[in-house]
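In: fold the following.
(one chain, ligands or ions: 2)
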Amino acid sequence: MRRIPLVIDTDTAQDDCIALLVGLLDPRADLRAITMVAGNVGFERQVLNAHLTLSVAGRLGEIPLYLGCRRPLVREWVSAEYAHGDGVGGLTMDFEGLAPEREHAVDALIALAAASPGEITVVCIGPLTNIAMAAIKDPRFVADVKALVVMGGSNNARGNITAAAEYNFYVDPEAAETVFHAGFASITVVPWAPLTLADAVFPRERLAQIAAIDTPLARFYSRVVETTLGFNESVGIHGSTHPDSLAAAVLLHPEIVTAQARYAVDVETGSHLTRGYAAMSWGVHGLEGNATVVESVDAEGFADYLVTLLSTDTVPSRALR
Ligand code: BDR
Ligand code: CA
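Out: Ligands and ions are numbered 1, 2, ... in the order given. Got it, this is the predicted structure:
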């Protein structure tokens, strides 16, 4: 089997953890590194959440974890703790002696891409700060990367943190704008709406099925999605949302995509009201496409894929409690 070399750039909380599990456990994935970016919850909390995820997968110490930008390019950081809590449902473990790599994530991204030109795909599941910084710091990064899979924006549909904007693009719109103008050879966008809301929401019946599996991974899953599930239900979303793990799955299993198209994607940076809005033009406005936007996936196939993944019987590197 041809394995796919990837790096996951993450703001680790809730579904970011599940996306990391996809990268850690899917036999098709050759996960070269995890890079951390400011996003969902406090930066240090995100690092602990990544360690917890590595541990439950039994891979602690095997995958380098690099710390990246601790705030957006020009804006103040905006937390999503109101939706995610600590991002892991209160799980903890012994963190003694665990240290991330010393190299900054932006330099690591540049170096990893340069070491394997045309091979590495970066799955970007947080604000795009690290990716924009890497492109600004060393333009060869843009040429060296094979592809980006970006979770962000909505495709002519509603946002989540505001009516207009999805969280990752809202938090660092200048970074998102930079990335879509940087000239990457391939960008695939996995948007929040309508895609995630239509095809990657697990209702309570599905969550009960996962809880019944009773592996360390399934127990971990049930805890990390708990807080967001409560938040989602309070805003009319009937289940657990999985945009980040869907982005990882789309890279490793493109056959789950049932519709996608070329779009000209740009991001609003000037407005207050529509900050971070993703303008996705579908080919009739005379604009050249710069990204492929996933429009629908095999929702059942994706859910079955995650259920199978969570059924893997791992031996956690350190006990979670
Ligand atoms: C995105 O924002 C985060 O809260 C999720 O992890 C996902 O990356 C969805 O808008
Ligand atoms: Ca995320």
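
In: average model confidence for stretch 300-318?
Out: Regarding stretch 300-318, the rounded mean pLDDT is 98.

In: buried ones in it?
Out: By neighbour count on 16 or more other CB atoms under 10 Å, the buried set for stretch 300-318 is 302, 303, 305, 306, 307, 309, 310, 312, 314, 316, 317, 318. Using the backbone N, CA and C atoms, a C-beta is placed for each residue, glycine as well.

In: with adjacent residues omitted, what lies nearest to the third one?
Out: By that I understand residue 305. Excluding the flanking residues, the one nearest residue 305 by CB to CB, 6 or more residues apart in numbering is residue 249, at 6.0 Å.

In: likewise the fourth one?
Out: The shortest distance from residue 306 to any residue that is not its chain neighbour, by CB to CB, 6+ apart, is 6.3 Å, and that residue is residue 245.

In: contacting residues for residue 214?
Out: Under the criterion of CB atoms under 8 Å, 6 or more residues apart in numbering, residue 214 has no contact partners.

In: which strand or helix spans it?
Out: In the assignment (DSSP states H and E), residue 214 maps to no helix and no strand.

In: near ligand 1, which residues of the stretch 51-200 of the chain?
Out: 80, 125, 151, 160, 166, 167, 168, 192 (CB under 6 Å from any ligand atom).

In: shouldn't the fourth one be in contact with residue 191?
Out: Read that as residue 160. No - with contact defined as CB atoms under 8 Å, residue 160 does not count as touching residue 191 (10.7 Å).

In: give me the more crowded residue out of these two.
Out: A side-by-side neighbour count of residue 160 and residue 191, using other CB atoms under 10 Å, places residue 191 first with 27 against 22.

In: can you give me the helices in the stretch 51-200 of the chain?
Out: Assigned by DSSP state H, counting those that start in this stretch, the stretch 51-200 of the chain shows helices spanning 81-84, 105-115, 129-137, 140-144, 167-171, 173-181, 197-199.

In: what's the most buried one of those helices?
Out: Among the helices of the stretch 51-200 of the chain, helix 167-171 has the highest mean neighbour count (mean count of other CB atoms under 10 Å), at a mean of 29.

In: the closest residue to ligand 2 within the stretch 151-300 of the chain: neighbouring residues, count only.
Out: For the stretch 151-300 of the chain and ligand 2, the shortest gap (CB to the ion) falls at residue 244, measuring 4.8 Å. Neighbourhood size, residue 244 [other CB under 10 Å]: 31.

In: so the strand or helix carrying it, near ligand 1 or not?
Out: Per DSSP H and E: residue 244 is located in helix 243-252. Yes - using CB under 6 Å from any ligand atom, helix 243-252 reaches ligand 1 at 243, 244.

In: what is that helix packed up against?
Out: Judged by 3 or more CB pairs under 8 Å, 6 or more residues apart in numbering; DSSP states H and E, the packing partners of helix 243-252 are strand 4-10, helix 15-25, strand 121-124, strand 147-151, strand 187-190, strand 291-297, helix 299-310.

In: separation between the closest residue in space to residue 87 that isn't next to it in sequence and ligand 2?
Out: Spatial nearest neighbour of residue 87, chain neighbours left out: residue 13 (2.4 Å); criterion: CB to CB, 6+ apart. Residue 13 sits 7 Å away from ligand 2, going by CB to the ion, to the nearest Å.

In: please apply the same query to residue 91.
Out: Distance, residue 91 to ligand 2, using CB to the ion: 17 Å.

In: surely residue 116 touches residue 5?
Out: Yes - the criterion here is CB under 8 Å, and residue 116 meets it with residue 5 at 6.3 Å.

In: for ligand 2, state which of the buried residues of stretch 300-318 is nearest.
Out: residue 306 (15.9 Å).

In: quick one: classify the residue nearest to residue 87 as helix, strand or coil.
Out: coil (DSSP: H, G, I helix; E, B strand; the rest coil).

In: let's number from 28 now, not from 1
Out: Will do, 28 is the new start, and the previous item becomes residue 40.

In: residues touching it, list them.
Out: Contact analysis of residue 40 by CB under 8 Å, 6+ apart lists 66, 67, 68, 72, 73, 76, 107, 111, 113, 114, 115, 251.

In: spell out whether the helix or strand harbouring the last one and ligand 1 are in contact.
Out: Of the helices and strands defined by DSSP H and E, residue 251 is found in helix 243-261. No - with CB under 6 Å from any ligand atom as the threshold, helix 243-261 lies outside contact range of ligand 1, at a closest distance of 8.0 Å.

In: what residues are up against the nearest residue to residue 156 once chain neighbours are set aside?
Out: Distances taken as CB to CB, 6+ apart put residue 96 closest to residue 156, at 4.2 Å, once the chain neighbours are dropped. Counting by CB under 8 Å, 6+ apart, residue 96 makes contact with 64, 65, 132, 133, 156, 157, 160.

In: check residue 76 too.
Out: So residue 76 contacts 39, 40, 43, 44, 68, 113, 114, 115 (CB under 8 Å, 6+ apart).
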